[in-house]
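Chemist: Got a sequence here, can you build the structure:
(one chain, ligands or ions: 1)
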Amino acid sequence: MKKILGISLVTLLVALVVTCLLYFPFGLAKQVGHQPIKLSKQAENKVITKASQSASTTPEKQEEQAKWVKSDQPIKFPILMYHHIADVVDGNTLFVPASEFKMEMAALKKAGYYTLSPDEALRVLTTNEKPADKIVWVTFDDGYKNAQQAAAPILSELGMKGSFFIITGMVDNEDKMTQESLLEMKKNPLISLESHTVSHIDLQYATPDEASRQLTQSKTYLDQLLHQNTSVICYPSGRYNDQTGDIATKAGYQLGLTTQPGLASRADGLFALHRVRVSYGQTESSFMSLIGN
Ligand SMILES: [Zn+2]
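Modeler: Numbering: from 1, shown residues only. This next block holds a predicted model:
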């Protein structure tokens, strides 16, 4: 009798627990779901902004979603090259107006492009695996103030990454980023700051000693100021010679960018990566066709 009573009691308890477990989550969800939540237009907008921010703009989120997949074919991808992001002055092709830049970034995002950080680009090139079907690396040469002021907010708004190449001996010059702004940009996880030498020297004709000094000093400056391991050297005016890659490796760099037109490919060498120059005057379709769409 005692035994039967015991078993019944246990059965009853189990049933109770199971009922609780089943009912409560759904019951709660149901209640919340049915409650009409009235939001003012302003509050509604706030909620939408917040939701879209957490969904798309944090790089951590993008990395979480990124699933690296090895490719059968050698991976090639576009490294976009920009300089000034500002209204065009005297037809200078180094300028791209902010409105065009924004249109181009939005077009990339719409087409499903994943923007790479320098570390991610290195991983793509060395392991031949990629975090998304479509990948792109957005780069800016010379460290212009207007690129920081116009491009960085657009990248942040769209949750896209960008790398800026700094001429370390020209920091604080009138049209260049200041040391303070470099420190400010460093706080943005979407932004990377890499080297463009100390004085924008021509690395093709520099002596090995001078090239080494320029690569080492600019790296040390950025490493110390920003507490990072600067890993990319972007050759001024795209000029380099047979020794530049070795000198850069000895200085501690892992990738070197040129201005040779075309997609980046391991086959060209990690210190001779090609880029796609973006000039002003693009439409969405002409821009997308630049990178093979
Ligand atoms: Zn340059």
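
Chemist: Only C-alpha atoms from now on, for both contacts and neighbour counts.
Modeler: Noted.

Chemist: Return the residues in contact with the closest residue to the ion within the stretch 151-293 of the chain.
Modeler: Residue of the stretch 151-293 of the chain nearest the ion, by C-alpha to the ion: residue 236 (4.4 Å). By C-alpha atoms under 8 Å, 6 or more residues apart in numbering, the residues touching residue 236 are 196-197, 200-203.

Chemist: Could I get the full set of strands for the stretch 101-250 of the chain?
Modeler: Taking DSSP state E, counting those that start in this stretch, the strands of the stretch 101-250 of the chain run over residues 114-115, 129-130, 135-140, 162-166, 191-195, 232-234.

Chemist: right, and those strands - which one's nearest residue 293?
Modeler: Closest approach to residue 293 among the strands of the stretch 101-250 of the chain (C-alpha to C-alpha): strand 135-140, 12.4 Å.

Chemist: and stretch 263-277, does that touch the ion?
Modeler: No - with C-alpha under 5 Å from the ion as the criterion, the ion is not reached by stretch 263-277; the gap is at least 12.4 Å.

Chemist: Please compute how far that stretch lies from its chain's middle.
Modeler: 18 Å (C-alpha atoms, centre = their mean, to the nearest Å).

Chemist: for stretch 257-268, same thing?
Modeler: Stretch 257-268 has its C-alpha centroid displaced from the chain centroid by 18 Å (C-alpha atoms, centre = their mean).

Chemist: Enumerate the positions of it that are buried.
Modeler: Residues of stretch 257-268 classed as buried: 257-260, 262-266 (neighbour count, 16 or more other C-alpha atoms under 10 Å).

Chemist: First-to-last residue distance for that stretch?
Modeler: Stretch 257-268 has an end-to-end distance of 11 Å (C-alpha to C-alpha, to the nearest Å).

Chemist: Pull stretch 132-140 out as PDB, backbone CA atoms only.
Modeler: This file holds the C-alpha atoms of stretch 132-140, laid out as PDB (Å, rounded to 0.1, in the frame of the first residue of the first chain):
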ATOM      1  CA  ALA A 132      31.100  34.400 -46.900                       C
ATOM      2  CA  ASP A 133      30.400  33.700 -50.600                       C
ATOM      3  CA  LYS A 134      31.200  37.300 -51.600                       C
ATOM      4  CA  ILE A 135      34.100  39.100 -49.800                       C
ATOM      5  CA  VAL A 136      35.700  42.500 -50.300                       C
ATOM      6  CA  TRP A 137      38.400  44.500 -48.500                       C
ATOM      7  CA  VAL A 138      37.800  48.300 -48.500                       C
ATOM      8  CA  THR A 139      41.000  50.400 -48.200                       C
ATOM      9  CA  PHE A 140      41.900  54.100 -48.100                       C
END
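
Chemist: buried ones in that stretch?
Modeler: Residues of stretch 132-140 classed as buried under the neighbour-count rule (16+ other C-alpha under 10 Å) are 132, 135-140.

Chemist: Dump those residues to a markdown table, plus pLDDT.
Modeler: Formatted as a markdown table, the buried residues of stretch 132-140 follow (pLDDT from 0 to 100):
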| residue | pLDDT |
| --- | --- |
| 132 | 97 |
| 135 | 98 |
| 136 | 98 |
| 137 | 98 |
| 138 | 98 |
| 139 | 98 |
| 140 | 98 |
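
Chemist: Among these, find me the one that's closest to the ion.
Modeler: Nearest to the ion, judged by C-alpha to the ion, of these is residue 140 at 8.8 Å.

Chemist: hang on, the earlier thing: in strands, which of the buried residues of stretch 257-268 fall?
Modeler: Judged by DSSP state E, the buried residues of stretch 257-268 include 257-260, 264-265 as members of strands.

Chemist: okay, those residues in JSON lines with pLDDT next?
Modeler: Formatted as JSON lines, those follow (pLDDT from 0 to 100):
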{"residue": "257", "pLDDT": "98"}
{"residue": "258", "pLDDT": "98"}
{"residue": "259", "pLDDT": "98"}
{"residue": "260", "pLDDT": "98"}
{"residue": "264", "pLDDT": "98"}
{"residue": "265", "pLDDT": "98"}
